[in-house]
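A.B. asks: Have a look; sequence and predicted model below, questions after that.
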Protein chains: 2
Amino acid sequence: MSNPRSDETFRTIWLSPDNPAVVQIIDQRRLPHEYRVHDLHRWEDGLAAIDEMYVRGAPLIGATAAWSLYLAASAGGRAEFAKAAAALSASRPTAVNLRWAIDRVQARLAALAADGNIVAATRDEAEAICDEDVEISLGIGRHGLDLIREIAQRKDGPVNILTHCNAGALATINWGTATAPVYLAQREGIDVHVWVDETRPRNQGSQLTAWELGQRGVAHTLIVDNAGGHLMQHGKVDLVITGTDRTTRSGDVANKIGTYLKALAAHDNGVPFYVALPSTTIDWNIRDGVREIPIEQRDPREVSHVQGELNGTTVSVNTTANNTPVSNYAFDVTPARLVTGLITERGVCAASEQGLLALFPEHAEQA
Amino acid sequence: MSNPRSDETFRTIWLSPDNPAVVQIIDQRRLPHEYRVHDLHRWEDGLAAIDEMYVRGAPLIGATAAWSLYLAASAGGRAEFAKAAAALSASRPTAVNLRWAIDRVQARLAALAADGNIVAATRDEAEAICDEDVEISLGIGRHGLDLIREIAQRKDGPVNILTHCNAGALATINWGTATAPVYLAQREGIDVHVWVDETRPRNQGSQLTAWELGQRGVAHTLIVDNAGGHLMQHGKVDLVITGTDRTTRSGDVANKIGTYLKALAAHDNGVPFYVALPSTTIDWNIRDGVREIPIEQRDPREVSHVQGELNGTTVSVNTTANNTPVSNYAFDVTPARLVTGLITERGVCAASEQGLLALFPEHAEQA
């Protein structure tokens, strides 16, 4: 794998070691069938990578925008930078991290003297955004590792962890959120095995999570989304860890559709259910996740059509009759009462306002 | 649709109206992309149809065996019949209905005088097996209809019913088990709408249930298996009806993998969860379904590969990296405590030993 951070297996975005005018990413659209590094030469390449989902996952989208601004500054100074910032901001309207990253690089530039080195400044800021994201993942990883270690100490055989969707390295800069504790457990020599939910409709489990666990040599088994309850009934799951797109002040968790069903099964079988999250995804203004978080409906083709490999080519096949009506809800909300705990970069807490405020007291006044 | 029972939309197996030496079935392997009637000329064609899954579903497999014995008797008398019975018995070892149907036609033949008309006798018995199965489906349908009618009377808009897998007409001779109440509600003019779970890994929902509901003009929407919990949280499901492969004396229900997760969501949201079953699928010798029912693991390719249509051809694509380990548990067990009631041909009862014995007192002595 032509990737500069082989000690960490991979990063998802990096400055080319051979050419500082080129930013490199993994073309995630082709995974798991093909690992291809894609070069970003111009900021427009970064925009296209975001638009066409070469990259996905909030932290990685933000980082790609930041690096695109570096490319813009390198190519055409402040004028080109402004043009790029406007275009990037408009690309994925719901991606909070995207605008946050753009604002941050803009602020850095605004603080720079008129004759300052804007190329160096934007590069530094993009690097800082990535490095901080890695630190957040590692913080989540260390706190989650404590949970895994505790289970490993009281049982024989592997610690079996179930995860849903991809809250993995591929969604962040490295390590991931839900996967960070797993990778750190592996590094510590703990015997871990991951049940990977396929995660219909977009198959992030089979196409991304299984792939990245395989790349890092973590034992794993792919299952259909329907199977987790049966596994828990039979003692085959020690711990569930998922990611989240948005967590309310009271600890309700919006995540990929189907997460709620796994939380119900975990609760019914006494299996601990944890959610890993960077604190930036906490929405301090919302309490009731089920009532207040709007759930996006996406393209029905994501349900009717499935991407796979046929004779060496990636194709998309229609699994339905052409006139079949389809609904495609992208997320669901898991009520806090089903969540054993939240794993944040500052520590593990109860999924409750009290639990969250104990770790993040600066938000006590809000809401 | 070239099918003799257009008043009932279709049967799944019938004697050709043009040629009494030909039995006709639907080649279900090609659904939903292609509706093709397949002719069985010889008993070996029936055996191949069972082996290669042109037909599936316990009642339909049994009926196909019975009609194959009619073809054998027509072609070569008692000698050919014996040969066919032996070969058919060995074809699907776990299919209880298969051997039950063969035993029944054999018994009819054994009771026939040496100079009796064996062609007429086997035809009558095959017809009787099919007619009785239709009566069982209609019985389930009438009792389930009462539940739907009751909901329709107290709400505006359609009665929204969620189902998992295919316990439809295509699994039986006609009407189905879980779908029979829906079809009867439609016939009565009740506004019904069915949420169809895709049912990974084999996609019986998207490929069979959605297709047969569409053929009969029942409003329906295909969803991924992950979506049902979200729909129930938001009041979009009034009733769940699934089928079952095996029900214990105490009302535990073994059904397609993922049924348990839907039952948990129904329970958590106060949605009634019913299971439709012919009483022949009750195992009166078992009480604890989770502990006592062995769950078959099937070919990992069912998970890794997905069948769909590409440029007019049905193909199978690989959705995983080639080295991804896969588990494929086919069924799970829903504990009786999560089942609101069982819909049988004799009536609706609580999912409990007491409930079942009230309807089937002849089994009180057993176990």
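C.D. replies: Looks like it came in fine.

A.B. asks: State the pLDDT value of the spatially most central residue of chain A.
C.D. replies: Nearest residue to the geometric centre of chain A (CA atoms, centre = their mean): A:A171, 3.3 Å. The score at A:A171 is 95. That number is its pLDDT.

A.B. asks: ditto for A:R30
C.D. replies: A:R30 carries a pLDDT value of 88.

A.B. asks: A helix includes A:Q307, no?
C.D. replies: No: A:Q307 sits outside any helix when classified using DSSP: H, G, I helix; E, B strand; the rest coil, being strand.

A.B. asks: burial count for the closest residue to it other than its chain neighbours?
C.D. replies: Spatial nearest neighbour of A:Q307, chain neighbours left out: A:S316 (5.0 Å); criterion: CB to CB, 6 or more residues apart in numbering or on different chains. All C-beta spots, glycine's among them, are computed from the backbone N, C-alpha and C. Other residues lying near A:S316 total 14 when counted by other CB atoms under 10 Å in any protein chain shown.

A.B. asks: Can you tell me the SS state at A:S316?
C.D. replies: Classification of A:S316 by three-state DSSP places it in strand.

A.B. asks: Can you give me the distance of it to B:T324?
C.D. replies: To B:T324, A:S316 is 19 Å away according to CB to CB, to the nearest Å.

A.B. asks: show me where pLDDT drops low in chain A?
C.D. replies: A:1-9, A:94, A:366-367 (pLDDT under 70).

A.B. asks: how many neighbours does the residue lying closest to A:A321 once chain neighbours are set aside have?
C.D. replies: Nearest in space to A:A321, with sequence neighbours left out and distances taken as CB to CB, 6+ apart, is B:P32 at 3.7 Å. When counting by other CB under 10 Å, one arrives at 24 neighbours for B:P32.

A.B. asks: Contact partners for B:P32?
C.D. replies: Residues near B:P32 by CB atoms under 8 Å, 6 or more residues apart in numbering or on different chains: A:320-321, A:324, B:206-208, B:210-211, B:214.

A.B. asks: possible to save the residues you listed as JSON lines with neighbour count?
C.D. replies: Below are these laid out as JSON lines (neighbours: other CB atoms under 10 Å in any protein chain shown):
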{"residue": "A:T320", "neighbour count": "26"}
{"residue": "A:A321", "neighbour count": "20"}
{"residue": "A:T324", "neighbour count": "22"}
{"residue": "B:S206", "neighbour count": "29"}
{"residue": "B:Q207", "neighbour count": "25"}
{"residue": "B:L208", "neighbour count": "25"}
{"residue": "B:A210", "neighbour count": "31"}
{"residue": "B:W211", "neighbour count": "25"}
{"residue": "B:G214", "neighbour count": "19"}
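
A.B. asks: mind giving me a markdown table with those residues and columns for distance to B:Y183 and secondary structure?
C.D. replies: Below are the contacts of B:P32 laid out as a markdown table (distance: CB to CB, whole Å; DSSP: H, G, I helix; E, B strand; the rest coil):
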| residue | distance to B:Y183 | secondary structure |
| --- | --- | --- |
| A:T320 | 21 | coil |
| A:A321 | 18 | coil |
| A:T324 | 18 | coil |
| B:S206 | 19 | helix |
| B:Q207 | 19 | helix |
| B:L208 | 15 | helix |
| B:A210 | 15 | helix |
| B:W211 | 14 | helix |
| B:G214 | 13 | helix |
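
A.B. asks: packing partners for the helix or strand containing A:Y260?
C.D. replies: Take DSSP states H and E as the rule and A:Y260 turns out to sit in helix A:259-268. Applying 3 or more CB pairs under 8 Å, 6 or more residues apart in numbering or on different chains; DSSP states H and E, one finds that helix A:259-268 contacts helix A:228-233, strand A:239-242, strand A:273-276, strand A:331-334, helix B:228-233, helix B:259-269.

A.B. asks: quick one: which of those is nearest B:E309?
C.D. replies: Nearest to B:E309 among the helices and strands packed on helix A:259-268 is helix B:228-233; the distance by CB to CB comes to 25.5 Å.

A.B. asks: for that closest one, packing partners?
C.D. replies: Secondary elements touching helix B:228-233 (3+ CB pairs under 8 Å, 6+ apart): helix A:259-268, strand A:331-334, strand B:159-163, strand B:192-197, helix B:259-269.

A.B. asks: can you rerun that using 7 Å?
C.D. replies: Contact partners of helix B:228-233 among helices and strands, from 3 or more CB pairs under 7 Å, 6 or more residues apart in numbering or on different chains; DSSP states H and E: helix A:259-268, strand B:192-197, helix B:259-269.

A.B. asks: any chance of those in TSV, with distance to B:T280 and mean neighbour count too?
C.D. replies: What follows is the helices and strands packed on helix B:228-233, written out as TSV (distance: least, CB to CB, whole Å; neighbours: other CB atoms under 10 Å in any protein chain shown):
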stretch	distance to B:T280	mean neighbour count
helix A:259-268	30	26
strand B:192-197	25	26
helix B:259-269	19	26
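
A.B. asks: With distance to A:G144 as extra columns, can I get these in a markdown table?
C.D. replies: Output for the helices and strands packed on helix B:228-233, formatted as a markdown table (distance: least, CB to CB, whole Å):
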| stretch | distance to A:G144 |
| --- | --- |
| helix A:259-268 | 16 |
| strand B:192-197 | 32 |
| helix B:259-269 | 25 |
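
A.B. asks: So for A:I140, which of those sits nearest?
C.D. replies: Using CB to CB, those put helix A:259-268 closest to A:I140, at 17.2 Å.

A.B. asks: what's in contact with the closest one?
C.D. replies: With contacts defined as CB atoms under 7 Å, 6 or more residues apart in numbering or on different chains, helix A:259-268 is touched by A:162, A:164, A:228-229, A:232, A:240, A:242, A:273, A:332-334, A:338-339, B:226, B:229-230, B:261, B:264-265, B:268.

A.B. asks: so it versus helix B:259-269, what angle?
C.D. replies: Put simply, helix A:259-268 runs at 90 degrees to helix B:259-269, going by axes from the mean of the first three to the mean of the last three CA atoms, to 10 degrees.

A.B. asks: Show me what residue of the stretch 51-200 of chain A gets nearest to chain B.
C.D. replies: Across the stretch 51-200 of chain A, the shortest distance to chain B (CB to the nearest CB) belongs to A:R200, at 4.2 Å.

A.B. asks: Would you enumerate the residues in contact with the residue nearest to that residue when sequence neighbours are not counted?
C.D. replies: Excluding its sequence neighbours, the residue lying closest to A:R200 (CB to CB, 6+ apart) is B:V224, at 4.2 Å. B:V224 is in contact with A:200-201, A:257, A:303, B:198, counting by CB under 7 Å, 6+ apart.

A.B. asks: any idea which of those is closest to B:I136?
C.D. replies: Closest approach to B:I136 among the contacts of B:V224 (CB to CB): B:E198, at 27.4 Å.
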